[in-house]
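Novice: A predicted structure for the sequence below; I have some questions about it.
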Amino acid sequence: MTEKIESYILPNGMTLLGQFVAGVESASFSFLFPGGNALIPDKACGAAVVLDDWMFRGAGPYNSRQLIDALDGLGLHRQSGPSAESLSFSASMEAGNLIRAIELYAEILLRPRLEEEQFEPGRQLALQSLAALDDDPRQKVSFELYEQFYPDPLGRPSVGKEQDLRRLQPEQTRQIKSALFDGSGAILAVAGKMDFNKVCRRVEDLFAQAPAVKSPPPPLRPALRGYRHIPNEGAQVHIGFMTEVPPLGSPAYYQILAAVSILSGGMSSRLFTEVREKRGLCYAVGARYHSHRQIAGISGYAGTTPDKAQQTLEVTLGEFRRLCRGIAQDELDRAKVGLKSSLIMKNESTSARAGHLASDRFYLNRVRPLEEIRDSIESLTVQSVQEFLSGCGFEEFTLVSIGPKPLEVK
Amino acid sequence: MEFKKTQLKNGLTFVGEINSSAQSAAVGFFVRSGARDETDRINGVSHFLEHMVFKGTNSLSALEVNEIFDRLGAKYNAFTSEENTVYYAAVLPEYFSDAVDLWTRLMRPALREEDFDIEKNVILEEIAMYKDLPQFEVMDQCRLLHFGEHPCARSVLGTSESITALTAWQMREYFARRYAPNNLVVACCGNFDFDQTCRLLEDKCGRWEPIEADRPIDYFRGTLQSQRQSKSGLTCEHICLMSPSVSMQDPRRYAASLLGMIVGGDSGSRFFWALVDPAIADTAVMQCEAMDGVGAMITYLRCPSADRERVFEIVQDIFNQLHEKGVAQQELTAAKNKVLSAITIKSEQPMGRLVNLGFNWVYLKEYHSVADDVQAVKAVTVDQINELIKDFSFSEFTRYCIGPE
């Protein structure tokens, strides 16, 4: 698992990271800008998702159709979207098309046309996607949960809010674009079959003039927390829950990963065993770690029919609390081998590698080598995980349910 | 990469694509068993059986099975379709033999009554979960309407009625008919030892008795009917269209898959420009589903319910244009680039190659390397796609909609 991570800082402050991967024919890149939903002014929630659509509707010399044709012509598999603290634009492709793809993204990121007549379809698509969440309560519950759990504006739903989307104006959205895209804080990570020096030279030409825009972090308003029920006559009750743990970069990070893995890693994990295997309460039950820079939590989901919902909630939260009373050596051993396997297998993909480089740099201000991650997992002990867990308690949960009637929360 | 294959005396086939520089290896047990092999009375048994396989053997409990897989750090699961049940695991090379060994044991499951009773609840929960997801429900209902009396009409999950009525005895009887060695292909990809795996399979599976496990594979063009279901509480109109297409055995399937990309790829396609770009529908995708002896082009559309008639008109117009003028070279080139880069990206992980390797053997008894697939995609011409459009009347389709009252 040897690797060489290269980096280069452009004069304007933009960071380039690269990792050559032997034996592959693809390359992937990930652009990350340090501005997300949380930096958008109040009453404009959803502007970033509209902007994300609008920027691909023409840029530089390309009108909308020419731009999409050019991207598709390179066979790009692309993803983009806002989170609370960042905007990301990533793509995977055959390695020979990498430089050309970065050139196209320079147009999109630096010179989007943002034409008036292309704004409305983007806003309408955002409204339709938001409305479609009502037909997907399982996904809706996670947006509602984050909004309930995180202090505003970190919990804002990335899909936007209906009344904000309806009042959003093109000029206001252009201003948001200028304020969000900070060239000096931008990160470009590239992984796969590529020549890093060549990428650096081209990126320097393309992005040297990307302006620096410094926005102070937004003040955080107190989180709502507690329990919220949303009435819905569906076949199932969808239960989302979240409890606070330290954020990425905290010394307890690997203990948290181990705890989540013991709870919800493989099929021998506690939630799967106790909720699904032994009691047959759910098809879908699980937990995961979700972190912003300053605040994080372990979130979970369980979907079940209404007559089993109360028991499902009690057994599920009971498993969190039982975790604090101790873990077994073999549970930790399974969690460790699972985490190490995931690490190696995930890194067979060039897009996962590019994503890892960019997000480490963004959240931790450095890139952790795979060896460091592996050694940290290896050095976990029952005692170190238990020490972390006994300090947690898992007494406070934020809860959201979508279903016919509210649950009894003890 | 090196391809190797062998067959045990009882008919079990083992195919392997060895890549000794890969960091992991993947194994899949492909059982030719799915909803189309059931009867209405036992509908859902293939998928329920897939769950029961994880419940262990006469000497392994469900918890022990899960613990062994997790101790190997395996990424493992299974899926069931209309015609296949596939069990798979991806592991680091040092754990590969143990993962294969465990799957060979699980292919002879205990199917215990008490496990069956608990797992029935999980299946009923899974059915309820999909009832709350209209994008899946509409596909299931459209398939039922399109295939009519053809076996591919059957739902993979079954219904809450068929699952409630199902007995463990019926499942054991079904298992005995479908999980025969001659109805099974073991496929492996990545960094593993072929000869050692051969010996393991011979030792563990060599005594399984073969049984006749054929299935009828009649072609069917579909009923081409139209239905709508209104459901309170829904916001959007969910629309599924199905029209006849090529089977897995038909060499034109590469052309059909490129046609799906030209018409309904998620960006730059005809659907994209006519429906998504102007925000008439927020989702409009089409793809070819080639199956055993039969096939369908499947379209999914989601739009505001009030706009559905307009969406129908636009889609009809797109299909009419296809029949009148065919596709353009530029569209085909863009579709090829997308398909080719997808092949490149996916094939870089053993797990990404596994399904392709397994299904090519299940359906065609052929090995297709990445280079073969790339060549087959590159070789498709505009004329071949236009011929395909003539041969299959895509403008005639079965339509099922679910939307608000």
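Specialist: Structure received.
Novice: What segments of the stretch 151-300 of chain A are helices?
Specialist: A:162-167, A:170-180, A:196-207, A:253-264, A:270-271 (DSSP state H, counting those that start in this stretch).
Novice: Residues contacting the shortest one, please?
Specialist: Judged by CB atoms under 8 Å, 6 or more residues apart in numbering or on different chains, the contacts made with helix A:270-271 from elsewhere in the structure are A:262-264, A:285-287, A:300, A:316, A:319, A:322-323. (Glycine included, C-beta is placed from N, CA and C.)
Novice: let's see 10 Å
Specialist: A:262-265, A:277, A:282, A:285-287, A:300, A:302, A:315-316, A:318-320, A:322-323, A:327, A:331 (CB atoms under 10 Å, 6 or more residues apart in numbering or on different chains).
Novice: quick one: contacts for the closest residue to chain A within the stretch 101-250 of chain B?
Specialist: Scanning the stretch 101-250 of chain B for the residue nearest chain A gives residue B:121, at 3.3 Å (criterion: CB to the nearest CB). Shown here is residue B:121, whose contacts under the criterion CB under 10 Å, 6+ apart are A:276, A:279-283, A:304-305, A:308, B:163.
Novice: of all the residues you listed, which two lie farthest apart?
Specialist: Maximum pairwise distance among the contacts of residue B:121 (CB to CB): 17.8 Å, between A:279 and B:163.
Novice: These two: which has the busier surroundings?
Specialist: Set residue A:279 next to residue B:163 and count neighbours by other CB atoms under 10 Å in any protein chain shown: residue B:163 wins out with 21 against 16.
Novice: State whether the more buried one is indeed within a helix.
Specialist: Yes. Under the criterion used here (DSSP: H, G, I helix; E, B strand; the rest coil), residue B:163 sits inside a helix.
Novice: Provide a list of residues in contact with it.
Specialist: Residue B:163 neighbours (CB under 10 Å, 6+ apart): B:42-45, B:47-48, B:120-121, B:123-124, B:126-127, B:157.
Novice: interface residues of the stretch 301-410 of chain A facing chain B?
Specialist: A:303-306, A:308, A:312, A:330-331, A:333-352, A:402-403 (CB under 10 Å from any CB of the partner chain).
Novice: Could you check the helices of the stretch 151-300 of chain A and tell me which one is nearest residue B:287?
Specialist: Among the helices of the stretch 151-300 of chain A, if distance is taken as CB to CB, the winner is helix A:162-167, at 30.3 Å.
Novice: per-residue confidence averaged over that closest one?
Specialist: Average pLDDT, helix A:162-167: 98.
Novice: That one and chain B, are they touching?
Specialist: No. Using CB under 10 Å from any CB, helix A:162-167 stays clear of chain B, with a minimum separation of 11.5 Å.
Novice: Which positions in that helix come out as buried?
Specialist: Neighbour counts over helix A:162-167 (16 or more other CB atoms under 10 Å in any protein chain shown) mark A:164-165 as buried.
Novice: Return it as CSV; C-alpha atoms alone will do.
Specialist: Provided in CSV are the C-alpha atoms of helix A:162-167 (Å, rounded to 0.1, in the frame of the first residue of the first chain):
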residue,chain,number,x,y,z
GLU,A,162,-39.8,25.9,-1.0
GLN,A,163,-40.5,29.5,-0.1
ASP,A,164,-36.8,30.5,-0.4
LEU,A,165,-36.6,28.8,-3.9
ARG,A,166,-39.7,30.6,-5.0
ARG,A,167,-38.4,34.0,-4.1
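Novice: what does that helix rub up against?
Specialist: Here helix A:162-167 has contacts from A:40-47, A:49-50, A:123-124, A:126-127, A:129-131, A:156, A:159-160, using CB under 10 Å, 6+ apart.
Novice: now it: how far from the chain's centre is it?
Specialist: Here the centre of helix A:162-167 is set off from its chain's centre by 24 Å, with CA atoms, centre = their mean, to the nearest Å.
Novice: what ranges do the helices span in the stretch 1-150 of chain A?
Specialist: A:47-55, A:64-73, A:98-110, A:119-132, A:137-149.
Novice: Against which helices or strands is the shortest one packed?
Specialist: Spelled out, it's helix A:47-55. strand A:77-82, strand A:87-94, helix A:98-110, helix A:119-132, helix A:162-167, helix A:170-180 (3 or more CB pairs under 10 Å, 6 or more residues apart in numbering or on different chains; DSSP states H and E).
Novice: pretty sure residue A:352 is touching residue A:370, no?
Specialist: No. Between residue A:352 and residue A:370 there is no contact under CB atoms under 10 Å: 11.4 Å.
Novice: Overlap of the contact sets of the two?
Specialist: By CB under 10 Å, 6+ apart, residue A:352 and residue A:370 have these common neighbours: A:343, A:346.
Novice: sorry, back to before: could you identify which of the helices and strands packed on helix A:47-55 is most buried?
Specialist: strand A:87-94 (a mean of 24; mean count of other CB atoms under 10 Å in any protein chain shown).
Novice: Quick one: work out the angle between that one and helix A:98-110.
Specialist: 160 degrees (axes from the mean of the first three to the mean of the last three CA atoms, to 10 degrees).
Novice: And strand A:87-94, what does it pack against?
Specialist: Under the contact definition 3+ CB pairs under 10 Å, 6+ apart, strand A:87-94 sits against strand A:26-33, helix A:47-55, strand A:77-82, helix A:98-110, strand A:187-192, helix A:350-364, helix B:329-346.
Novice: Save the ones you listed as TSV, and put in distance to residue B:91 and mean pLDDT too.
Specialist: Below are the helices and strands packed on strand A:87-94 laid out as TSV (distance: least, CB to CB, whole Å; pLDDT from 0 to 100):
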stretch	distance to residue B:91	mean pLDDT
strand A:26-33	23	97
helix A:47-55	38	97
strand A:77-82	26	96
helix A:98-110	31	98
strand A:187-192	23	98
helix A:350-364	18	96
helix B:329-346	19	95
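Novice: now the ones you listed in a markdown table, with distance to residue A:249?
Specialist: As requested, the helices and strands packed on strand A:87-94 are exported to a markdown table (distance: least, CB to CB, whole Å):
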| stretch | distance to residue A:249 |
| --- | --- |
| strand A:26-33 | 16 |
| helix A:47-55 | 24 |
| strand A:77-82 | 21 |
| helix A:98-110 | 27 |
| strand A:187-192 | 16 |
| helix A:350-364 | 5 |
| helix B:329-346 | 31 |
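Novice: Of all the ones you listed, which one comes closest to residue A:229?
Specialist: With CB to CB, the closest approach to residue A:229 among the helices and strands packed on strand A:87-94 belongs to helix A:47-55: 26.7 Å.
Novice: Domains of chain A: list them as residue ranges, please.
Specialist: A:5-207, A:227-403 (automatic domain parsing).
Novice: to the chain's geometric centre, what's the distance from the last one?
Specialist: In this case it means domain A:227-403. Chain-centre distance of domain A:227-403: 15 Å, with CA atoms, centre = their mean.
Novice: One more: stretch A:37-45?
Specialist: The answer for stretch A:37-45 is 18 Å, by CA atoms, centre = their mean.
Novice: Give me the buried stretch members for it, please.
Specialist: Within stretch A:37-45, judged by 16+ other CB under 10 Å, the buried ones are A:37-40, A:44-45.
Novice: Please apply the same query to stretch B:68-85.
Specialist: B:68-76, B:78, B:80-85.
Novice: what do you get for stretch B:153-172?
Specialist: Neighbour-count burial for stretch B:153-172 [16+ other CB under 10 Å]: B:153-158, B:162-163, B:166, B:168, B:170-171.
Novice: Next: stretch A:373-389.
Specialist: Residues of stretch A:373-389 classed as buried: A:373-374, A:377, A:380, A:382, A:385-386, A:388-389 (neighbour count, 16+ other CB under 10 Å).
Novice: now stretch B:373-389
Specialist: Under 16+ other CB under 10 Å, the buried positions of stretch B:373-389 are B:373-374, B:377, B:380, B:382, B:384-386, B:388-389.
Novice: start to end distance for that stretch?
Specialist: End-to-end distance for stretch B:373-389, by CA to CA, to the nearest Å: 22 Å.
Novice: Now it: average pLDDT?
Specialist: Rounded mean pLDDT across stretch B:373-389 is 97.
Novice: Cheers, nothing more for now.
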